[in-house]
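>>> with the input below, show me the fold.
(one chain, ligands or ions: 1)
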Amino acid sequence: MTLRKISKEQPETFEFNSESLAEANNIIKKYPKGKQQSAVMSLLYIAQKQNDNWIPLSAMKYIGKFLEMPYVKVYEVATFYTMYNLTPVGKHFIQVCTTTPCMIRGAYKIVEACKEKISENENELVKEKNCSWMEVECLGACINAPMMQINDDYYEDLDKDKTLKILDQIILGKTPEPGSYRGRLNSEPENNRKTLLDVKNA
Ligand code: FES
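So this is what the prediction gives:
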């Protein structure tokens with residue numbers, strides 16, 4: 001895992017478009033009066049979605065004003081949580097889990113595949129492929145380790161060959177089927193379920 005960096009290239013301004021504005025106002029309404037700052041994480045997420053999946057400093061300043069909170073507090077949140085991208089990422093954004101359960105099941109083979117197919121360097125946007133990849137901490141799919149997330153989809157039970165094939169498809173602009181690549185349904189055992197079979201009396 002490398003240190004998180006802030007992009008050197010920053011747009012001067014940011015503001016919500018009408019869709020983001022409506023979404024932000026809807027979220028703020030869920031909090032009691034005077035507690036609108038609690039919406040900061042959701043608003044950062046909305047800004048990231050609007051801005052090609054990364055958050056510039058101008059968006060943090062805009063959200064600070066929007067929620068009447070100091071810019072530095074928004075900055076602290078945005079730089080603490082790794083789900084907020086602080087530099088431009090690819091349209092195909094690949095996150096490889098390398099936390100212990102995935103690591104002992106071969107996560108670094110997935111990292112090797114990303115290095116071969118996308119870039120030697122983590123967090124580097126390869127413009128001609130419109131792809132970038134990074135290592136992340138547990139994505140909550142440990143039982144189907146090792147795994148990676150591509151945009152909003154999870155690809156699980158991977159090995160190097162399967163990952164290479166998935167990345168080939170992604171680079172061609174296709175969307176390979178997400179889920180288990182050992183044919184498991186959700187997180188069931190291999191060769192089907194063996195317990196809790198009697199649903200009639202459940
Ligand atoms: S350790 Fe990889 S998903 Fe949890």
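
>>> drop to CA atoms for contacts and neighbour counts, all remaining ones
Will do.

>>> can you give me the end-to-end span of stretch 46-65?
End-to-end distance for stretch 46-65: 15 Å, by Cα to Cα, to the nearest Å.

>>> how about that stretch: buried residues?
By 16 or more other Cα atoms under 10 Å, the buried positions in stretch 46-65 come out as 46-48, 50-51, 53-64.

>>> same question, stretch 149-157
So, applying 16+ other Cα under 10 Å, buried residues of stretch 149-157: Q149, I150, Y154, Y155, E156, D157.

>>> so which of the buried residues of stretch 46-65 belong to helices?
I46, A47, Q48, Q50, L57, S58, A59, M60, K61, Y62, I63, G64 (DSSP state H).

>>> I'd like those residues laid out as JSON lines, including pLDDT and distance to P176.
Converted to JSON lines, these look like this (pLDDT from 0 to 100; distance: Cα to Cα, whole Å):
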{"residue": "I46", "pLDDT": "98", "distance to P176": "26"}
{"residue": "A47", "pLDDT": "98", "distance to P176": "27"}
{"residue": "Q48", "pLDDT": "96", "distance to P176": "24"}
{"residue": "Q50", "pLDDT": "96", "distance to P176": "24"}
{"residue": "L57", "pLDDT": "97", "distance to P176": "34"}
{"residue": "S58", "pLDDT": "98", "distance to P176": "35"}
{"residue": "A59", "pLDDT": "98", "distance to P176": "33"}
{"residue": "M60", "pLDDT": "98", "distance to P176": "34"}
{"residue": "K61", "pLDDT": "98", "distance to P176": "38"}
{"residue": "Y62", "pLDDT": "98", "distance to P176": "37"}
{"residue": "I63", "pLDDT": "98", "distance to P176": "36"}
{"residue": "G64", "pLDDT": "98", "distance to P176": "39"}
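
>>> turn those residues into TSV, columns for distance to S180.
Converted to TSV, these look like this (distance: Cα to Cα, whole Å):
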residue	distance to S180
I46	29
A47	31
Q48	28
Q50	30
L57	37
S58	39
A59	36
M60	37
K61	41
Y62	40
I63	38
G64	41
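
>>> is it true that F16 touches A47?
Yes. Counting by Cα atoms under 8 Å, F16 does reach A47; the two are 7.0 Å apart.

>>> re the thing from before, identify the farthest-apart pair in the ones in helices among the buried residues of stretch 46-65.
Using Cα to Cα, these reach their maximum pairwise distance at Q50 and G64, which is 16.9 Å.
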